[in-house]
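Participant: Sequence and predicted structure, then a few things I'm wondering about:
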Amino acid sequence: MKHTVCTSKPGFTMLELIFVIVILGIISSIGSELIANVYSNYIVQRGAHKSSSKTAIAATQIANRLSYSIPNTIIAINPTGNTKESLESLLDPTATILQWVGYDHDSFNAGGWNGFADTNDTIATTATTISTPGSNLTLASSIITNLGSSISNTAIFFPRTYNTSNIGYGVLAIGDSTDITGLTKISSVAGTTITVADLSGKTIREHYKIASSAYAIVPLKKDGTTICTVTDFPCDLVLRYDFQPWQGENFNHVNASSKLLIRNISAFRFTGSGNTIRFKICQEENIGGDYNITTCKEKAVIR
């Protein structure tokens, strides 16, 4: 005869089950809060990194361009009233546009022109040539043409104090071909000789620079055309180039090229002293909803 023995196994009591459920609830709430905090920190850090990278790249691009600026050609422009001031004596804190003439560093670095003129030659009032021994101006002309301009669009700059009028910044009519006092527009080049239309009344010095373009940093509204005033930020920052003020052109000229530098800037400030230019960019990066991360970069350029 077979006998079956039944044994009882201990289980959880109702109270123990309640304790387990409560503990699991506490652990899960702590875990979810930790995960939420980690994710929130990640979003903030990612936004800060993106904003920092964008401002750093834009600031570097501007600084690189400014390093080739010709002294005394840098001005600040207030789009309200189109007023222009030298950066050396900037009094208008509401100016939002930075503009300058940059020398043609591509043809210079390639050995096209060396920046030294022979001032031992007597320059008569009827003279039309400038000798620059050691230059290869045919090469310079070729490089400038390959970059989309032409030697007939260039000007030669000698060290002097320029202002908005004698550079051409003060010219209002687009296409005005009136000769700008103090500047000498180049007609042609060959070998080591620069030919110009007229040297009468010009100050010739042993150092010179050749320029084929002016540059402007312009803040624009989201429509891509309206220039921002100080009350319009945030705006997008663009670089305008391939325009010649000495030929009556400005940064809005139909032939001017444009390149987007950075979007959603909340501030663009600049100042100058001696050979140093300082500027600051602040950019807003949206991290969701109405939350933004703002990063600022400041650079100084010594020429």
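Facilitator: Cool, the structure landed. Residues are numbered from 1 along each chain as shown.
Participant: what are the ranges of the strands in the chain?
Facilitator: Counting by DSSP state E, the chain has strands at residues 75-78, 83-86, 97-103, 129-131, 155-157, 184-190, 193-196, 209-220, 235-243, 257-273, 276-288, 291-302.
Participant: Which one of those strands has the poorest average confidence?
Facilitator: Least confident of these, judged by mean pLDDT, is strand 83-86 with a mean of 84.
Participant: what's the burial count for the closest residue to Gly102 other than its chain neighbours?
Facilitator: Closest residue in space to Gly102, ignoring its immediate chain neighbours: Tyr68 at 4.4 Å, by Cβ to Cβ, 6 or more residues apart in numbering. C-beta coordinates here come from the backbone N, C-alpha and C atoms, glycine included. Using other Cβ atoms under 10 Å, Tyr68 is surrounded by 19 other residues.
Participant: what do you get for Gly148?
Facilitator: 12.
Participant: Let me see the contact set for the residue lying closest to Ser67 once chain neighbours are set aside.
Facilitator: Nearest non-adjacent residue to Ser67, counting by Cβ to Cβ, 6+ apart: Val301, 5.7 Å away. Counting by Cβ atoms under 8 Å, 6 or more residues apart in numbering, Val301 makes contact with 63, 66-67, 276-279.
Participant: Pull out the buried members of those.
Facilitator: Applying 16 or more other Cβ atoms under 10 Å to the contacts of Val301, the neighbour count classes 66, 277, 279 as buried.
Participant: Skipping adjacent residues, who's closest to the last one in space?
Facilitator: Distances taken as Cβ to Cβ, 6+ apart place Phe270 nearest to Phe279, at 4.0 Å, with adjacent residues excluded.
Participant: State the distance from that neighbour to Leu260.
Facilitator: To Leu260, Phe270 is 19 Å away according to Cβ to Cβ, to the nearest Å.
Participant: And the buried ones among the contacts of Val301, which is closest to Ile210?
Facilitator: Leu66 (18.0 Å; Cβ to Cβ).
Participant: Find the nearest non-adjacent residue to that closest one, please.
Facilitator: Val301 (4.5 Å).
Participant: swap in Gln244?
Facilitator: Here the residue nearest Gln244, using Cβ to Cβ, 6+ apart, is Asn153, at 5.5 Å.
Participant: and that neighbour, how many neighbours?
Facilitator: Asn153: 21 neighbours (other Cβ under 10 Å).
Participant: How about Lys185: which residues does it bridge to?
Facilitator: Ala155 (DSSP bridges).
Participant: Enumerate every residue touching it.
Facilitator: Going by Cβ under 8 Å, 6+ apart, Lys185 touches 154-156, 179, 196-197, 246-247.
Participant: does Pro56 really touch Lys299, like I thought?
Facilitator: That one is not Pro; residue 56 is Ala. No. Using Cβ atoms under 8 Å as the test, Ala56 is too far from Lys299 to be in contact (9.4 Å).
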